[in-house]
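Participant: got a structure for you, letters missing:
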């Protein structure tokens, strides 16, 4: 995969074998250095295209999703600023990651994302569009909904907690706990032509609120008191 975001999506045997080796190494590393717990992984469909929408508080979030116990085929959209980080670039490319230019509408990244989903694989995406410096949820962007609408595939919300402080703990020889909670799949209804922007926003809020309820309160950010978050919290069966 090159800096423009093109490149193969694990389309050769050699690239698949390289990915498998990297995945085993990352799994060993995370197990050795952290106490990472996956909750609700059974909510991830075992096969077929699926969008995995997560909060984003740390560079560890992508590696954690990469070793989830249900979908080893997962890849993710990754900001192209990480092209300047040799180790992270190596990991991202070995994992078949899709480079995303957040400074513009990146049609190449969108096209590759659709290719991944149509091939029956899992695609990870952070609807916030960037890593949260406050560790609380930021306002979601519409890209996740657009992918869901174009593909017709389910969205599985994920809340990751503990990754934001993990590196600091590891540097002081403590083993951090990271928790990844997977919610129920959501299939979004088609967006009508009338009130399109309003409905897209409502569906974006739905995904973000479903992520929020999977997180400890301190991570919920701008969605902490959203009416939909409060409704979901009142009936846990709606989201787990």
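Facilitator: That came through, no problem. Computed from a predicted model, the values in this text were never measured in an experiment. Numbering: from 1, shown residues only.
Participant: CA only for contacts and neighbour counts going forward, please
Facilitator: OK.
Participant: my read is residue 124 is in a strand, agree?
Facilitator: Yes - in this structure, residue 124 lies within a strand as judged by DSSP: H, G, I helix; E, B strand; the rest coil.
Participant: what residues are up against the closest residue to residue 100 other than its chain neighbours?
Facilitator: Take residue 100 and drop its neighbours on the chain: the residue closest to it by C-alpha to C-alpha, 6 or more residues apart in numbering is residue 79, 4.8 Å away. The contact partners of residue 79, taken as C-alpha atoms under 8 Å, 6 or more residues apart in numbering, are 99, 100, 101, 102, 130.
Participant: ok, now how distant is residue 79 from residue 108?
Facilitator: Note on residue 79: its distance to residue 108, by C-alpha to C-alpha, to the nearest Å, is 13 Å.
Participant: Could you do residue 41 as well?
Facilitator: Here residue 41 is placed at a distance of 30 Å from residue 108 (C-alpha to C-alpha).
Participant: For these two, indicate the residue with more neighbours.
Facilitator: When neighbours are counted by other C-alpha atoms under 10 Å, residue 41 and residue 108 differ, and residue 41 comes out ahead with 19 against 16.
Participant: So what's the model's average confidence on the host helix or strand of residue 233?
Facilitator: Using DSSP states H and E, residue 233 falls within helix 227-234. Averaging the model's pLDDT scores along helix 227-234 yields 96.
Participant: just checking, what packs against that helix?
Facilitator: Identification of packing neighbours for helix 227-234 by 3 or more C-alpha pairs under 8 Å, 6 or more residues apart in numbering; DSSP states H and E yields helix 196-212.
Participant: Most remote residue from the middle of this structure, which is it?
Facilitator: When each C-alpha in the chain is compared with the mean C-alpha position (C-alpha atoms, centre = their mean), residue 194 comes out farthest, at 29.7 Å.
Participant: In which helix or strand does that residue reside?
Facilitator: Taking DSSP H and E as the criterion, residue 194 maps to no regular element, lying outside all helices and strands.
Participant: Check whether residue 214 really touches residue 184, as I assumed.
Facilitator: No - taking contact to mean C-alpha atoms under 8 Å, the distance of 10.5 Å between residue 214 and residue 184 leaves them out of contact.
Participant: biggest helix in the protein, by residue count?
Facilitator: helix 13-33 (DSSP state H).
Participant: so what does that one touch, helix or strand wise?
Facilitator: Counting contacts by 3+ C-alpha pairs under 8 Å, 6+ apart, helix 13-33 is packed against helix 61-66, helix 86-94.
Participant: lowest-confidence stretch among those helices?
Facilitator: Looking over those, mean pLDDT reaches its minimum on helix 86-94, with a mean of 87.
Participant: how far away is the residue nearest to residue 106 when sequence neighbours are not counted from residue 36?
Facilitator: Using C-alpha to C-alpha, 6+ apart and skipping residues adjacent in sequence, the residue nearest residue 106 is residue 100, 6.6 Å away. In this structure, residue 100 lies at 27 Å from residue 36, with C-alpha to C-alpha as the measure.
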